[in-house]
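> From the sequence below, what's the structure:
(one chain, ligands or ions: 2)
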Amino acid sequence: MGVGEETTTTVANLPIIDLSAPDRESTAATLRQACIDFGFFYIVNHGVDKDLFGRLFEESQKFFTLPLDDKMKIARKGIRGYTPLYHEKLDTATSTKGDSKEFLDIGPLHDEVRDSNQWPSEELLPNWKTTVEAYHDKIMKAGKRLYSLLAVALNLSENYFEDIGALDPPMPFIRLLRYPGDLSYYTNEVLGASAHCDYGMMTLLAIDGVAGLQVCREKDRQPRIWEDVLHIEGALVVNIGDLTERWTNNVFRSTLHRVVPTGQERYSVAFYLDPSHDLMVECLETCCSESNPPRFPPFRYIDYLLERFEGTFEA
Ligand SMILES: O=C(O)CCC(=O)C(=O)O
Ligand SMILES: [Fe+2]
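Ligands and ions are numbered 1, 2, ... in the order given. Next up, the predicted model:
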């Protein structure tokens with residue numbers, strides 16, 4: 001767990017945002033406060049039903065249960081495909097081997113790039129692709145609702161992110177993750193996911209009910225205080241990424257988080273809701289003023305993203 005870090009006993013009391021609530025102004029106000037206080041919240045009534053979550057986790061489990069040779073047939077090329085245990089290290093400040101997790105990244109599914117994805121063999125897993133595509137479809141719809149709610153929460157027009165081309169095209173990634181249950185895969189330094197902030201706009205995370213996810217609200221304070229994020233049946237956990245922190249001039253926070261081992265195997269599915277790679281990101285007009293000037297110069301999203309990836313993957 002690292003020197004100077006406390007073990008956690010408290011539970012993060014994260015706000016719950018109802019995506020289908022009729023009063024959008026009041027939902028947006030709750031979202032704003034959640035992004036200022038925590039950078040993490042739950043969403044409910046998001047349009048992904050229990051049956052689809054069930055099928056998604058079932059297919060995920062089937063993939064990770066395949067022999068390593070089969071999984072390596074779709075080993076990561078660029079930023080898509082399978083990454084075995086210990087090959088990614090989210091906390092680049094530590095000198096140990098990578099995180100104890102394996103995962104499969106499925107990139108955007110719009111027409112021009114959908115063929116760049118690597119899918120498990122249809123003979124081995126006949127329902128895999130259709131299940132992940134169905135999940136992508138539903139969660140992207142939830143993501144678009146979040147985009148407009150976020151705009152309202154920032155005192156911008158509801159279509160703000162669409163109007164500036166953030167969805168032109170959107171570049172979301174689905175990451176299916178498995179953390180081994182056997183504690184011999186971990187050490188004090190090797191966690192399931194080492195402490196990190198997400199890079200992009202927002203992450204919508206489906207977790208399977210096994211504990212392990214923790215947040216640290218004060219990233220610069222030592223020792224770090226970690227709080228457990230509990231699973232709420234049917235809810236997704238959402239967190240703000242560094243891109244949004246910069247976009248909002250640090251008004252919304254991108255919160256440090258990690259996954260610690262519990263002795264139980266754990267599955268999760270992250271949906272990184274990322275904007276168009278060519279998007280120019282500059283401080284939102286509602287987040288700066290003469291007395292509070294922008295803290296970050298404008299940047300093109302892909303340039304920033306590639307910089308963030310540096311050093312996290314083993315060559
Ligand atoms: O598996 C989890 O619960 C967290 C995953 C995560 O933080 C990430 O993929 O960025
Ligand atoms: Fe994360």
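
> For the helix ranked longest in the chain, name the packing helices and strands.
Counting residues, the longest helix found in the chain (DSSP state H) is helix 128-153. Applying 3 or more C-beta pairs under 8 Å, 6 or more residues apart in numbering; DSSP states H and E, we find helix 128-153 packed against helix 24-37, helix 50-65, helix 160-163, strand 173-179, strand 202-207, strand 236-240, strand 266-273. From N, CA and C alone the C-beta is placed, and that goes for glycine too.

> Dump those into CSV; add mean pLDDT, mean neighbour count and distance to ligand 1 as well.
Converted to CSV, those look like this (pLDDT from 0 to 100; neighbours: other C-beta atoms under 10 Å; distance: least, C-beta to the nearest ligand atom, whole Å):
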stretch, mean pLDDT, mean neighbour count, distance to ligand 1
helix 24-37, 97, 17, 17
helix 50-65, 98, 16, 12
helix 160-163, 96, 18, 21
strand 173-179, 97, 22, 5
strand 202-207, 98, 24, 5
strand 236-240, 98, 25, 7
strand 266-273, 98, 23, 3
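
> To residue 282, which of the ones you listed lies closest?
helix 160-163 (13.1 Å; C-beta to C-beta).

> Extract the C-alpha trace of the closest one and format it as CSV.
Only the C-alpha atoms of helix 160-163 are listed here, as CSV (Å, rounded to 0.1, in the frame of the first residue of the first chain):
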residue,chain,number,x,y,z
TYR,A,160,-22.6,23.0,-25.6
PHE,A,161,-20.3,20.0,-26.0
GLU,A,162,-22.0,18.9,-29.2
ASP,A,163,-21.8,22.4,-30.6
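
> residues from this protein in reach of ligand 1?
Contacts of the chain with ligand 1, taken as C-beta under 6 Å from any ligand atom, map to 175, 177, 193, 198, 203, 205, 207, 213, 257, 259, 268, 270.

> hmm, try it at 5 Å
177, 213, 259, 268, 270 (C-beta under 5 Å from any ligand atom).

> Let me know the closest of these to residue 88.
Distance to residue 88, by C-beta to C-beta, is smallest for residue 177 among the residues of the chain next to ligand 1, at 10.3 Å.

> Not counting sequence-adjacent ones, nearest residue to residue 85?
Ranked by C-beta to C-beta, 6 or more residues apart in numbering and with sequence neighbours excluded, the top spatial neighbour of residue 85 is residue 102, at 5.2 Å.

> got a list of what that neighbour touches?
Residue 102 makes contact with 64, 71, 82-85, 177-178, according to C-beta atoms under 8 Å, 6 or more residues apart in numbering.

> hmm, try it at 6 Å
By C-beta atoms under 6 Å, 6 or more residues apart in numbering, the residues touching residue 102 are 84-85, 178.

> Tabulate the residues you listed (CSV), appending distance to residue 48.
Formatted as CSV, these follow (distance: C-beta to C-beta, whole Å):
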residue, distance to residue 48
84, 28
85, 28
178, 20
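
> Next, count neighbours for residue 263.
Other residues lying near residue 263 total 10 when counted by other C-beta atoms under 10 Å.

> And the closest residue in space to it that isn't next to it in sequence, what's its pLDDT?
Spatial nearest neighbour of residue 263, excluding adjacent residues (C-beta to C-beta, 6+ apart): residue 183 at 5.4 Å. Looking at residue 183, its pLDDT reads 93.

> Repeat that for residue 139.
For residue 139, the pLDDT comes out at 97.

> again with residue 313
Turning to residue 313, the model gives it a pLDDT of 67.

> just checking, residue 110 touches residue 168?
No. Residue 110 lies out of contact with residue 168 (C-beta atoms under 6 Å); the separation is 10.2 Å.

> in which helix or strand would I find the closest residue to residue 197 other than its chain neighbours?
Using C-beta to C-beta, 6+ apart and skipping residues adjacent in sequence, the residue nearest residue 197 is residue 254, 4.5 Å away. Under DSSP states H and E, no helix or strand contains residue 254.
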